[in-house]
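Enquirer: below are the sequence and a predicted model; questions follow.
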Amino acid sequence: MDNMGYDLNSFLVTGSTGLLGREIERNTKDYNSKFFFTSRSPKKGNLQCDLTSLKDVKNLADELSPSCIIHCAAYVPKILDDYDDFSASEKNIQMLENLLLVFSSPIVLISSMTVYGMVSGEPVSENNDLNPQSAYGRGKMRAENILLKADRPSLSVRIPGLYGSDRNNGLVYNLIHSLKENITPVLPLRPLLWAGMDVSDAAKIILMICHLDWSNLSVINVGYRDKYSINRLVAIVSGIFNKSIDYNIKHPTFQFDLNLLDQMGVTINNSLEQSIRAIINKHV
């Protein structure tokens, strides 16, 4: 799986202590490329760097010159109120701007489905108008635009929310944990747009994309071939546990258009329900 557009043989992965960064690191053994990892907090084997500090980023560039940066580092919302944390979004922008100022490498930015806003019904393609409804989503849209204007190859990868065996919070974890412990789950009391993906699947696909020819792309969707909604998630989990949940909030649906991913030859073998079952089977 050689990248035919750029000579990419060494990668810097930012945010290596985060959920996605850790999972990417676990999967790099499948590739012959050289990988370097950085994070703000100390971790054995990685390079410690506060990406919001221009001095730190310059010191990092003195140590290595990667042929591509996979930029996972971000202040990611952990609860619903975090999506409107403007200061966190500004820090995310600062990290990207520092990387662009110091490094000349192509950048693969991990973006988010939140850039689309409240789009329900038809599959959402990369060409859809963007209308983010949160500070986090507006920050991701701004980051994508900054990359588009930068004088270098770049790719923004729009992913759904991430869950997985290592995450002990979030909608998926709380729902599974509640039914497992016979606790009434706490669910959103107003309609919300939601989509999710197991972090292990997201990491594998992102690495695969990075090692293919993405030279003619600037943005790409990554997700399952599913029509997502909180109602569907509740139905899947309650069905697996064979328990009923009295919940009547009607949530909008979301679906990715994955035609660009198909054109790259990337196959997604998992689904929302299969991934949820795998997590439950591992812990029950």
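Expert: The structure has been received and is ready for your questions.
Enquirer: number of nearby residues for Asn127?
Expert: Counted with other Cβ atoms under 10 Å, residues neighbouring Asn127 total 8. The way it works is simple: take the backbone N, C-alpha and C, and place the C-beta from them, glycine included.
Enquirer: mind telling me what element it is part of?
Expert: Using DSSP states H and E, Asn127 sits in no helix or strand.
Enquirer: for the protein, what are the low-confidence residue spans?
Expert: Confidence mapping of the chain against pLDDT under 70 gives the ranges 1-8, 283-284.
Enquirer: what about Arg190, neighbour count?
Expert: Arg190 has 7 neighbours, counted by other Cβ under 10 Å.
Enquirer: what of Pro77?
Expert: Neighbour tally, Pro77, other Cβ under 10 Å: 21.
Enquirer: and the gap between it and Asn281?
Expert: Taking Cβ to Cβ, to the nearest Å as the measure, Pro77 falls 28 Å from Asn281.
Enquirer: same question for Asn242.
Expert: For Asn242, the distance to Asn281 (Cβ to Cβ) stands at 14 Å.
Enquirer: next: Ser229.
Expert: For Ser229, the distance to Asn281 - Cβ to Cβ - is 23 Å.
Enquirer: so between the two, which is more surrounded?
Expert: Neighbour totals were compared for Ser229 and Asn281, and Ser229 leads with 21 against 9 (other Cβ under 10 Å).
Enquirer: if I look at His177, how far off is Asp56?
Expert: For His177 relative to Asp56 (Cβ to Cβ), the value is 37 Å.
Enquirer: so for those two, which sits in the more crowded spot?
Expert: Applying other Cβ under 10 Å to His177 and Asp56 shows that Asp56 carries more neighbours, namely 18 against 14.
Enquirer: list the contacts of the more buried one.
Expert: The contact partners of Asp56, taken as Cβ atoms under 8 Å, 6 or more residues apart in numbering, are Cys49, Asp50.
Enquirer: give me the phi and psi for it.
Expert: Asp56 adopts backbone torsions of phi -60, psi -40, taken as degrees, to the nearest 10.
Enquirer: ok, the residue nearest to Ser112 when sequence neighbours are not counted to Ser156 distance?
Expert: Nearest non-adjacent residue to Ser112, counting by Cβ to Cβ, 6 or more residues apart in numbering: Lys140, 4.7 Å away. Distance of Lys140 to Ser156, computed by Cβ to Cβ: 8 Å.
Enquirer: what residues are shared contacts of those two?
Expert: Counting by Cβ under 8 Å, 6+ apart, the shared contacts of Lys140 and Ser156 are Ser111.
Enquirer: pretty sure Val115 sits in a strand.
Expert: No: under DSSP: H, G, I helix; E, B strand; the rest coil, Val115 falls outside any strand and is assigned helix.
Enquirer: thought Pro160 was touching it, still the case?
Expert: No: if you go by Cβ atoms under 8 Å, Val115 and Pro160 don't touch, sitting 11.8 Å apart.
Enquirer: picking up where we left off before, just the element for the residue nearest to Ser112, please.
Expert: With DSSP H and E as criterion, Lys140 is part of helix 135-149.
Enquirer: which strands and helices lie in contact with that helix?
Expert: Counting by 3 or more Cβ pairs under 8 Å, 6 or more residues apart in numbering; DSSP states H and E, the packing neighbours recorded for helix 135-149 are helix 86-102, strand 107-112, strand 154-159.
Enquirer: buried set for it?
Expert: Ala135, Tyr136, Gly137, Arg138, Gly139, Lys140, Met141, Arg142, Ala143, Glu144, Leu147 (16 or more other Cβ atoms under 10 Å).
Enquirer: send the alpha carbons of the host helix or strand of Asn174 over as CSV?
Expert: Using DSSP H and E, Asn174 maps to helix 171-180. The C-alpha coordinates for helix 171-180 follow below in CSV (Å, rounded to 0.1, in the frame of the first residue of the first chain):
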residue,chain,number,x,y,z
LEU,A,171,-22.7,7.6,25.6
VAL,A,172,-21.8,4.1,24.5
TYR,A,173,-19.9,3.2,27.6
ASN,A,174,-22.6,4.6,30.0
LEU,A,175,-25.4,2.8,28.2
ILE,A,176,-23.6,-0.5,28.2
HIS,A,177,-22.5,-0.1,31.8
SER,A,178,-26.0,0.8,33.0
LEU,A,179,-27.7,-2.2,31.4
LYS,A,180,-24.9,-4.5,32.6
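Enquirer: thanks a lot, see you next time.
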